[in-house]
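Enquirer: Sequence and predicted structure below; questions after.
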Amino acid sequence: MLGLVSMSKKSLRRLPAWLLATGDMVVLNLALIMAFYLRFAGSQPSSNYEALVSTLPWVSLTALMLFAGLGLYEQQLGGLVPVMRALLPAVLITGLATAAIAFWIRGFAFPRSVLLFGVLGQFCGLLVWRGICWHAARVIHGQRQLLVIGSEETACPFLEKLLDLPRGLFRIQGVVAPWDMATLKEQLPEVDGVIVSPGATPENKATVVALCLEAGREVYLVPELYEVMLTGARVEQLDDLPVLQVEDISLSYVQAAVKRALDVIVTFMILVVTLPIVIIAALSVRLSSPGPVFYVQERVGYRGRVFNLPKLRTMVDNAEKDTGPVLAKADDGRVTWAGKFLRSTRIDELPQLFSVLKGDMSLVGPRPERPVFVDEFQRAHPAYRYRHVVKPGLTGVAQVYGRYTTSWEDKLRYDLYYIRNYSLILDLRVLLRTVPVALSPSAARGRTKGQDKTEAVHALFNTMRQETTAGNKGKVVEGSIR
């Protein structure tokens, strides 16, 4: 979606989406056919057989759209686990859709046992198929030899993210400081691509792009915030001068009305399903520690207005009495035993659905922040105020593609991308992809100190920098630092 932007088509070494989709549909249909075969011992009655044949095309079409919405046809560099996590809701929702379609088309000619065994067979078959695809994609992608450009301050956080990727995808060959760009041309033949860390000057970016295009190498750039705002800009002509026209990023009246209608309809549906869960969660909060069940915080919303955001309390009562407003950390001692589970499953966020109905929030949008942090972030970067041209969301692009510990600058890039490229389809995709994210406890963890990991990355940077400057190939690094 957003983040590393490649300047070379050679980097798109992946399995074609049509191949993945074809395999998915074959597995889904075969699983249902086998379930029918086992249910009727190989001799289906004609009515049941006709129900199967008439249902399969509609199930395939529904599954295809659902899988695409969950991002299962995009390049996956984060490992096989995110794919498996997305497959679970994909198969379950497909099973529910199959039951609805079968009932609508052929009444009760589609036995419930077939649906049950079909879903189990589909999930197991897709796990095997996607596992094969993942390993094949790694072979096709190959191991990319990369050169990192940046100072210690800007490159180390970026280097840490690269080393967190699965082993074998990338090898870091060396580090070039921005003031040593003269050595870049000599080192390009040794690598497949160059990564420019955030904060690089426009001159450095232009130099890197020019040299890499000349050498046929890949370039990965982290976009500056103003560059994110240029996405979707139209090329206009002023006399004989081509210019980029950057339009207002706020939503039109029609877009806002459609978004509000989606919020109300979907929120009511979610509340019907989750209300028993909220009641049980509230009881667990009451049993875990003394104090109120709900915790209300002031957050900054649409056009900078402050509103009260309700959550199920996950920390001890008056947790910030001695510290003041601070961000939560991993293994935070203030979090109760019930709070750990509620945070990991996102159940503590469910009361915010009432804020969506009230109109203070939307289902999808930038996550609302507390006033004290908003003031801090706006002083650091004035573009932060653009997050408030839309209503804050229960979930957002930053929550789907980032992590809880993703820096506020990177989250801001995602938020601005969402606002600039808003569409109803994008909202639906984010809502779908929130489901597998909610199944990942690691994505809800607080900020971690990571002292050992950070020190290891800085030591690695300095070693590679020295060796690269000395004219060596640099210290080749593969794998991850955990």
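Expert: Alright, I've got the coordinates.
Enquirer: For Glu247, pull up the helix or strand it's in.
Expert: Per DSSP states H and E, Glu247 falls between elements, in no helix or strand.
Enquirer: Then Val374?
Expert: Element membership for Val374 (DSSP H and E) is helix 371-380.
Enquirer: and that helix, average pLDDT?
Expert: Averaged across helix 371-380, pLDDT comes to 90.
Enquirer: Only C-alpha atoms, please: export the strand or helix carrying Glu203 in PDB.
Expert: Using DSSP H and E, Glu203 sits in helix 202-215. Only the C-alpha atoms of helix 202-215 are listed here, as PDB (Å, rounded to 0.1, in the frame of the first residue of the first chain):
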ATOM      1  CA  PRO A 202      16.000  16.000  -2.600                       C
ATOM      2  CA  GLU A 203      19.500  16.300  -4.100                       C
ATOM      3  CA  ASN A 204      20.500  12.900  -2.600                       C
ATOM      4  CA  LYS A 205      17.300  11.300  -3.900                       C
ATOM      5  CA  ALA A 206      17.800  12.700  -7.400                       C
ATOM      6  CA  THR A 207      21.400  11.400  -7.400                       C
ATOM      7  CA  VAL A 208      20.400   7.900  -6.200                       C
ATOM      8  CA  VAL A 209      17.500   7.600  -8.700                       C
ATOM      9  CA  ALA A 210      19.700   8.800 -11.600                       C
ATOM     10  CA  LEU A 211      22.600   6.500 -10.800                       C
ATOM     11  CA  CYS A 212      20.300   3.500 -10.200                       C
ATOM     12  CA  LEU A 213      18.300   4.000 -13.400                       C
ATOM     13  CA  GLU A 214      21.500   4.200 -15.400                       C
ATOM     14  CA  ALA A 215      22.800   1.000 -13.800                       C
END
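Enquirer: related to what we said a few turns ago, helices or strands up against the helix holding Val374?
Expert: Here helix 371-380 touches strand 294-300, going by 3 or more Cβ pairs under 8 Å, 6 or more residues apart in numbering; DSSP states H and E. Where you see a C-beta, it was placed from the backbone N, CA and C, and this is true even at glycine.
Enquirer: got the angle for the single longest helix found in the chain vs strand 294-300?
Expert: Longest helix of the chain, by residue count under DSSP state H: helix 253-288. Interaxial angle of helix 253-288 relative to strand 294-300 (axes from the mean of the first three to the mean of the last three Cα atoms, to 10 degrees): 150 degrees.
Enquirer: So which elements touch helix 253-288?
Expert: Helix 253-288 sits against strand 306-312, helix 337-345, helix 352-358, strand 362-364, helix 424-438, with contacts defined as 3+ Cβ pairs under 8 Å, 6+ apart.
Enquirer: could these be laid out in TSV, adding mean pLDDT and mean neighbour count?
Expert: As requested, those are exported to TSV (pLDDT from 0 to 100; neighbours: other Cβ atoms under 10 Å):
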stretch	mean pLDDT	mean neighbour count
strand 306-312	92	17
helix 337-345	80	19
helix 352-358	94	19
strand 362-364	95	26
helix 424-438	88	19
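Enquirer: what's the nearest residue to Gly150 if we skip its chain neighbours?
Expert: Ser197 (3.0 Å; Cβ to Cβ, 6 or more residues apart in numbering).
Enquirer: Near the one you found, how many other residues are there?
Expert: Using other Cβ atoms under 10 Å, Ser197 has 22 neighbouring residues.
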